[in-house]
Each structure stands twice: as C-alpha cells, then as structure tokens.
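Participant: one predicted model, sequence on top.
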Amino acid sequence: MHTDKAIEEIMMGMVREKAMEIYSEALIEHGTNPRNYGPIENPDGYAKVTGPCGDTVEMFVRIQSGTVEKATFNTDGCMFSIAACSAAAEMAEGKTLAGCIGINQSAILQHLEKMPADHAHCAHLAAMTLQRARRECADSKKQDDRTGETPQAEAGG
Ligand code: FES
C-alpha cells in the first residue's frame, strides 16, 4: 500500500511528465527551482521594472574585477518570469558588463528552449531589468573612475 508521500511523488511525477510534453526541461527546472533568488546587500547595480502585465522584477548585480560575480532577482511575477529571471541571472554570472549586453529577450528564450509565445514578454521583462542593473553598474564604475572611490559593495564584500 502506498503512503501519502509515495502517492504525492507519483502524482508529481505524472504532472512533471505532462509538463515536459509542453515545456522544456530547462524552463521547468528554472521555473520550479530558480537559481539566485533573493536580494544582494549593497549591489553595484540594481533595477526594478514593472511590466505591462503588472508584474515587477528586481535585479541585483555585484561586480568583482570587472566581472559579474553575482546576479540575483526578486519577482512577484508568474512561473515564466521566475524561469526567465533565473536564466538571466545565471547567464550573467562570470561575464563582463559588456558581455552581458547580449542577454536580451531572444537569448533568454533560447536558453529556456520552449517558452510559450504568450509569455515571451516575461523574458523581455527579465532582460530589460537585467540591462538596467547592468547600466547602473557601468555608470557607477564611470563615476568611481572619475572620483577614484571604491564602490561600497566591493569594499564591504
Ligand atoms: Fe507578468 Fe509573466 S505574466 S511576468
């Protein structure tokens, strides 16, 4: 006889199998097990954007030696926006600020493989927010170069 836990696992397996027919593994994985969720204290770059759908995405970026050391997000959006933000944050890590310019809507959609067409805008929202956070890093770096100051987040760790 199956326990409640075993039944739950069988049900989840069936749901996952059905979902795999519609969505890609990458989309399900990022949407249900997002990477880099939650804020960074004293980020070098931050942006908050509300899309036309009414959902909001926040992106936090920390730079170390000219490279994105950490990128994280928060969102009150749908599962597709969680997947898109998770992919965007993961794609940004280890890249230079210039290297992050290519993380746009189509790059995120490609990374997630099978985003439903009516949720492509969720990837656009994630990309736009990441790009604004990236620009803020670039702007604050320019300012630091002019003043010779060390960014607070890098000094504080
Ligand atoms: Fe608003 Fe997905 S429907 S972000």
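Facilitator: Yes, it's here. Residues are numbered from 1 along each chain as shown.

Participant: which bits of the protein sit near the ligand?
Facilitator: Contact residues (Cβ under 6 Å from any ligand atom) of the chain with the ligand: 51, 53, 55, 77, 78, 80, 81, 119, 122, 125. C-betas here are computed from N, CA, C, even on glycine.

Participant: residues in contact with the closest residue to the fifth one other than its chain neighbours?
Facilitator: With sequence-adjacent residues excluded and distances taken as Cβ to Cβ, 6 or more residues apart in numbering, residue 78 is closest to residue 122, at 6.3 Å. Residue 122 makes contacts with 51, 53, 55, 77, 78, 80, 81, 83, 84, 115, as judged by Cβ atoms under 8 Å, 6 or more residues apart in numbering.

Participant: returning to what we had before: show the buried residues in the residues of the chain next to the ligand.
Facilitator: Buried subset of those (neighbour count, 16 or more other Cβ atoms under 10 Å): 51, 55, 77, 80, 81, 119, 122, 125.

Participant: can I get these in a markdown table with pLDDT and secondary structure?
Facilitator: Putting these into a markdown table (pLDDT from 0 to 100; DSSP: H, G, I helix; E, B strand; the rest coil) gives the following:
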| residue | pLDDT | secondary structure |
| --- | --- | --- |
| 51 | 96 | coil |
| 55 | 97 | coil |
| 77 | 96 | coil |
| 80 | 96 | helix |
| 81 | 97 | helix |
| 119 | 95 | helix |
| 122 | 97 | helix |
| 125 | 98 | helix |
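
Participant: which among the residues you listed gets closest to residue 131?
Facilitator: Nearest to residue 131 among those, counting by Cβ to Cβ, is residue 125 at 11.0 Å.

Participant: in space, what's closest to the closest one - neighbours in sequence excluded?
Facilitator: residue 51 (4.1 Å).

Participant: host element of residue 61?
Facilitator: Here residue 61, judged by DSSP states H and E, is contained in strand 56-64.

Participant: name every strand pairing with that strand and say which way it goes.
Facilitator: If you go by DSSP bridges, strand 56-64 pairs up with strand 45-50 (antiparallel), strand 67-75 (antiparallel).
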